[in-house]
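K.L.:
would you be able to build a 3D model of this:
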Amino acid sequence: MPDISKSKKKESLLRDNLILFISTFINSIFGYLYHFFAARTLGPISYGILSSLLSIVYILTIPFNTIQTAIARFTAEYKTKKEEGKVSYLLSRSIKKLFILSIFISIILIALIPLLKSFLLINATTPFVILAIVSIFILLLPVVRGVMQGSQDFKTLGLNLILEGLIKFSLGAVLILIGFKVNGALGAIVASFSIPFFIGLYNLKKYLRIKKTKMEKDHFYKYSLYLLMLLSTLTIFYSIDLLLVKHYFSETEAGYYAAASLLGKVIFFGTMSITQVMFAKVSEHYFSKKEFKKIMYKSLLIISLFGAAVFSFYSLFPDFAVMLFFGKSFLAIKPYIGRFAVLMTLFSLTYAVSFYNISINRNKFIYLIILSNIAEILLIMFFHNSLMQVINILLYLVLVLFIILFAYTIFKKNGQDINNHPSI
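P.N.:
Got it, this is the predicted structure:
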């Protein structure tokens with residue numbers, strides 16, 4: 001019987017990883033088609049503008065990922081304890097509160113438009129207004145996805161992810177072609193968040209019909225606070241460099257850097273599903289008091305193999321990779337793509353190890369990532385003689401960060417940094 005149980009758990013881990021990996025991979029393909037089409041159609045200068053604006057979207061997704069991960073974490077706990085009434089309460093209450101908060105954030109973004117235009121050297125106002133609209137659904141979509149992830153309904157979650165990518169690429173291509181250019185590309189982002197939200201909410205209608213049971217809010221908020229800190233630091237690490245490069249370098253160089261960075265992020269976005277499945281599985285095993293460290297090791301191995309494959313492709317066929325995705329006008333990025341592949345593999349491993357720790361209620365390691373953010377900003381501010389210098393700064397910084405964080409993870413005994421309460 002133990003052998004059968006272990007076999008089923010391995011099959012479940014592999015199956016769920018495969019489902020979410022394929023779904024995320026398809027979403028990523030559509031996402032990259034969106035970027036590649038935009039880069040080819042808009043050219044280096046306009047694409048550099050679009051990429052800097054999308055960096056703001058990435059920063060806005062800090063609460064997105066925080067909300068989804070926190071809700072997934074508590075949904076997993078409540079499902080394990082068969083407390084679906086609390087899942088229902090968590091879903092409906094979160095949507096109501098976050099809708100109000102999203103309106104407030106949109107107003108702040110609109111108020112900051114003059115400052116953003118000045119820093120990014122962008123004259124148009126409309127793109128920033130569109131970003132304000134994006135912020136509304138950035139806070140709502142992760143609520144439904146968090147419940148799907150926490151309840152391990154990876155099929156429904158996967159279809160929702162595919163829908164997002166499909167809308168982003170198809171609508172973005174149409175809007176760019178008919179003349180809306182950067183504004184059209186951003187408008188597609190609004191649709192790619194809003195439509196999956198409403199469909200996802202419909203998929204979860206069973207929870208809205210269940211009698212609601214109040215949950216312990218203090219525990220949820222405390223966990224969410226540390227999670228917000230973690231995701232803020234991680235997102236800043238792979239987003240702030242684009243904004244700084246846009247500020248310190250020419251428009252053409254900023255476009256080149258954005259394109260090279262995008263090729264590197266194939267690894268990060270391609271392996272994010274592995275981290276999501278690992279998080280749900282480790283959380284479940286943690287509350288069930290089962291062994292969970294092997295799940296992390298397997299996840300890190302898969303991420304490493306994926307990163308090695310992408311690095312090999314970029315190293316062996318740099319001309320083909322650049323021509324395939326961006327075209328002849330971006331061939332100048334060839335020296336950068338291999339280094340970005342190594343950089344984003346290390347970052348993806350760091351990301352996974354961070355989520356492993358937060359899933360078992362550790363949080364002190366977050367301060368290490370905060371220090372790396374500060375170092376990244378200061379180093380780029382003082383050393384930006386070339387794009388290669390910026391890339392090397394990030395590469396060595398993330399290497400040191402991963403080594404220290406991995407050692408922390410391996411040698412620290414299991415325990416609750418966040419709170420001594422086992423349900424936090």
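
K.L.:
which residues touch the most centrally placed residue in the chain?
P.N.:
Geometric centre of the chain, nearest residue: residue 65, 6.4 Å, by C-alpha atoms, centre = their mean. Contacts for residue 65 were tallied using C-beta atoms under 8 Å, 6 or more residues apart in numbering; they are 142, 231, 235. The C-beta positions use only the backbone N, C-alpha and C, and glycine is treated the same way.

K.L.:
same check on residue 105?
P.N.:
60, 135, 139.

K.L.:
of the residues you listed, which is the nearest to residue 111?
P.N.:
Relative to residue 111, the closest of the contacts of residue 105 is residue 135; by C-beta to C-beta it sits at 12.7 Å.

K.L.:
break down the stretch 301-424 of the chain into its helices, ranges please.
P.N.:
318-325, 334-359, 366-382, 387-411 (DSSP state H, counting those that start in this stretch).

K.L.:
just these: most buried one?
P.N.:
helix 334-359 (a mean of 23; mean count of other C-beta atoms under 10 Å).

K.L.:
and that helix, what does it pack against?
P.N.:
helix 2-80, helix 217-248, helix 251-287, helix 293-316, helix 318-325, helix 387-411 (3 or more C-beta pairs under 8 Å, 6 or more residues apart in numbering; DSSP states H and E).

K.L.:
the third one to helix 293-316, inter-axis angle?
P.N.:
Looking back up the chat, that one is helix 251-287. Angle of helix 251-287 versus helix 293-316, following axes from the mean of the first three to the mean of the last three C-alpha atoms, to 10 degrees, is 160 degrees.

K.L.:
now for helix 251-287, which elements pack on it?
P.N.:
helix 2-80, helix 126-150, helix 217-248, helix 293-316, helix 318-325, helix 334-359, helix 387-411.

K.L.:
can you do 7 Å?
P.N.:
helix 2-80, helix 126-150, helix 217-248, helix 293-316, helix 334-359, helix 387-411 (3 or more C-beta pairs under 7 Å, 6 or more residues apart in numbering; DSSP states H and E).

K.L.:
using CSV, please lay out the ones you listed together with mean pLDDT.
P.N.:
CSV is the format used below for the helices and strands packed on helix 251-287 (pLDDT from 0 to 100):
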stretch, mean pLDDT
helix 2-80, 76
helix 126-150, 87
helix 217-248, 81
helix 293-316, 91
helix 334-359, 92
helix 387-411, 92
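
K.L.:
hang on, the earlier thing: quick check, nearest of the contacts of residue 105 to residue 402?
P.N.:
Nearest to residue 402 among the contacts of residue 105, with distances taken as C-beta to C-beta, is residue 60, at 26.0 Å.

K.L.:
show me the contact partners of stretch 311-321.
P.N.:
With C-beta atoms under 7 Å, 6 or more residues apart in numbering as the test, stretch 311-321 has contacts from 263, 334, 337-338, 341-342, 345.

K.L.:
dump the helices and strands packed on helix 251-287 to JSON lines, plus distance to residue 96.
P.N.:
Output for the helices and strands packed on helix 251-287, formatted as JSON lines (distance: least, C-beta to C-beta, whole Å):
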{"stretch": "helix 2-80", "distance to residue 96": "13"}
{"stretch": "helix 126-150", "distance to residue 96": "10"}
{"stretch": "helix 217-248", "distance to residue 96": "14"}
{"stretch": "helix 293-316", "distance to residue 96": "34"}
{"stretch": "helix 334-359", "distance to residue 96": "26"}
{"stretch": "helix 387-411", "distance to residue 96": "37"}
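
K.L.:
can you say which of the ones you listed is nearest to residue 282?
P.N.:
That would be, of these and by C-beta to C-beta, helix 334-359, which comes in at 4.5 Å.

K.L.:
the inter-axis angle of that closest one versus helix 318-325?
P.N.:
70 degrees.

K.L.:
quick revisit: tell me which of the helices and strands packed on helix 251-287 lies nearest to residue 113.
P.N.:
Comparing the helices and strands packed on helix 251-287 by C-beta to C-beta, helix 126-150 comes nearest, at 4.5 Å.

K.L.:
which ones are touching residue 236?
P.N.:
Contacts of residue 236 by C-beta under 7 Å, 6+ apart are residue 373.

K.L.:
cool, thanks, signing off.
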